[in-house]
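**Q** no FASTA, just this:
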């Protein structure tokens, strides 16, 4: 099985992050042209553009605040001009904040998670889905989290943002399905990345609860995103797909 995204245009938000970077590179390795959306790290975004181009694909870096609709619409226009209309959007960006209990968490943190999870996905749909409808197909892929099922202490702002995002995406899947547009969520666990490397002693508490008994890698997320973006996943829509070694298991 060979995942071939040749000629497809993919937009990855938060592309300079620990998951966004391997997602962008993996989509390019499968043949897709990639728009590298970033908020602050322009230098890294340009390095990723270089990596994508080295793989034989075209790329553009676009500075974007995904919580601002006008900014996302401007990104859409920039992507269209540089690469063409998007076939695949990967909604990966999220605002980072300190995790504490509900009683200690600032209301502003809940607002930031709503903006960067719920409104982020709404803005991306409004900007990019109309062109997918005209094309007669497309892929909306959102990066969720195992935390949306765990709801452990200190996760409330993050979990509430992601669970709100889930509702938007399930409705969207039903609305755009007749146009052959699939809408799916990939839900990472506590993944190994350059920013968060493996640490046997620190990770022990987490690994003990995972059936596979080890943390996954950021590349594992990128691999699933590439599959969902491909024609192999053309009949998968409305799914929440945990990539966490069995740490959470959606029930039927």
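**A** Happy to help now that I have it. In this text, all values refer to a predicted model and were calculated from it rather than measured experimentally.
**Q** so where do the helices sit in this structure?
**A** Here the chain has its helices, by DSSP state H, at 20-29, 42-54, 69-82, 107-113, 120-135, 147-150, 156-176, 200-207, 218-229.
**Q** Name the residues of the helix or strand of the chain with the lowest mean pLDDT that are buried.
**A** Using mean pLDDT, DSSP states H and E, the weakest-scoring helix or strand in the chain turns out to be helix 200-207, at a mean of 89. Neighbour-count burial for helix 200-207, counted by 16 or more other Cβ atoms under 10 Å, picks out 203, 207. Yep, even glycine has a C-beta here, placed from its N, CA and C like the rest.
**Q** For it, give me every contacting residue.
**A** 190, 213, 214, 215 (Cβ atoms under 8 Å, 6 or more residues apart in numbering).
**Q** Tell me who's in contact with the third one.
**A** In this case it means residue 214. With contact set as Cβ under 8 Å, 6+ apart, residue 214 has these partners: 207, 245.
**Q** For residue 140, name its beta-bridge partners.
**A** Residue 140 has the following beta-bridge partners by DSSP bridges: residue 89, residue 183.
**Q** so it sits right up against residue 185, yeah?
**A** No. Counting by Cβ atoms under 8 Å, residue 140 stays clear of residue 185, with 9.5 Å between them.
**Q** Overlap in contacts, these two.
**A** With Cβ under 8 Å, 6+ apart, residue 140 and residue 185 have common neighbours residue 169.
**Q** can you give me how far stretch 244-252 is from the chain middle?
**A** Distance, stretch centre to chain centre, for stretch 244-252: 19 Å (Cα atoms, centre = their mean, to the nearest Å).
**Q** Which positions in it come out as buried?
**A** Of the residues in stretch 244-252, those buried under the neighbour-count criterion (16+ other Cβ under 10 Å) are 244, 245, 247, 248.
**Q** farthest-separated two in those?
**A** The span of the buried residues of stretch 244-252, defined through Cβ to Cβ, is set by 245 and 248 at 9.6 Å.
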